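**Student:** no sequence on this one, just coordinates:
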């Protein structure tokens with residue numbers, strides 16, 4: 001049997017057969033005087049077994065171990081691990097579908113999705129509250145409000161579970177207290193006013209204190225003072241670089257005041 005016939009019987013390509021030879025998965029038969037490899041029925045049986053194991057999800061390295069002599073126990077162990085891995089994948093898929101379902105329900109209910117979607121239902125509800133407050137403003141929404149939404153979505157995605165208690169507390173407090181949201185929008189407007197100001201602008205201090213006063217006490221209590229409260233790591237540098245000088249100065253001062261309260 002030639003390599004093309006062997007591959008056709010097993011339902012794979014000749015290129016795959018040659019690859020199995022290179023990695024030692026399938027023994028390469030000696031060449032005949034005419035230069036062609038001559039495969040036996042045993043080769044076809046082994047190749048079919050490789051395909052079956054591959055379709056179960058085993059890697060080629062795992063299949064090599066299974067095909068080794070006295071590997072029966074290894075096969076049971078590998079299949080058990082594979083079954084557990086598939087169970088984890090099924091659970092992950094169920095969770096993803098649940099998130100997609102919530103997003104589709106939100107889109108059906110509101111007729112749109114937030115620009116920062118997908119986010120948690122709690123954060124989506126907060127963004128809905130922000131949209132309602134913004135719609136009642138006499139003018140356009142402060143640019144700082146949009147920046148806040150981007151930051152909240154980023155922090156929800158990237159903050160480790162144990163380090164986001166303050167974020168959860170803030171989202172809960174802002175959603176539960178209409179006055180807290182109103183104060184937040186007043187602060188957004190004050191920060192917008194500093195967009196063209198210098199770091200020494202006298203409004204920096206009062207704006208920083210307004211930022212602190214706008215943050216719910218529940219969120220302040222959940223904060224932990226970082227080892228580098230001065231903010232000199234790469235993320236902090238990128239974070240403050242996204243603000244105008246006076247805005248950055250006000251936010252830095254607000255953070256210092258918050259660390260005093262939290263500490």
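**Tutor:** The structure has been received and is ready for your questions. Because the structure is predicted, anything quoted here is derived from the model rather than measured.
**Student:** Closest to the centroid, which residue in the chain?
**Tutor:** residue 157 (5.7 Å; C-alpha atoms, centre = their mean).
**Student:** got the contact list for that residue?
**Tutor:** When contacts are counted by C-beta atoms under 8 Å, 6 or more residues apart in numbering, residue 157 is found next to no other residue. Heads up, the C-betas are built off the backbone N, CA and C, glycines and all.
**Student:** Ok, residue 197 next?
**Tutor:** Taking C-beta under 8 Å, 6+ apart as the definition, contacts of residue 197 comprise 203, 204, 244, 245, 246.
**Student:** Is it correct that it falls within a helix?
**Tutor:** No: going by DSSP: H, G, I helix; E, B strand; the rest coil, the assignment for residue 197 is coil, not a helix.
**Student:** which of the residues in stretch 131-146 are buried?
**Tutor:** If you call a residue buried by 16 or more other C-beta atoms under 10 Å, then stretch 131-146 has these buried ones: 133, 141, 142, 144, 145.
**Student:** Other residues contacting it?
**Tutor:** The contact list for stretch 131-146 (C-beta under 8 Å, 6+ apart) reads 130, 181, 182, 184, 185, 187, 188, 189, 191, 192, 195, 247.
**Student:** quick one: average confidence on it?
**Tutor:** Mean per-residue pLDDT for stretch 131-146: 89.
**Student:** distance between the ends of that stretch?
**Tutor:** From the first residue to the last, stretch 131-146 extends over 10 Å; the measure is C-alpha to C-alpha, to the nearest Å.
**Student:** which of the contacts of stretch 131-146 tops the neighbour count?
**Tutor:** Tallying neighbours with other C-beta atoms under 10 Å puts residue 191 at the head of the contacts of stretch 131-146, with 27 neighbours.
**Student:** Where neighbours are concerned, which of the contacts of residue 197 has the most?
**Tutor:** Of all the contacts of residue 197, the highest neighbour tally under other C-beta under 10 Å goes to residue 204, namely 23 neighbours.
**Student:** Let's see the pLDDT reported for that residue.
**Tutor:** Here the pLDDT value assigned to residue 204 is 95.
**Student:** what helices or strands is the helix or strand in which it is found leaning on?
**Tutor:** Under the criterion DSSP states H and E, the helix or strand holding residue 204 is helix 203-214. For helix 203-214, the helices and strands in contact under the criterion 3 or more C-beta pairs under 8 Å, 6 or more residues apart in numbering; DSSP states H and E are helix 178-193, helix 245-262.
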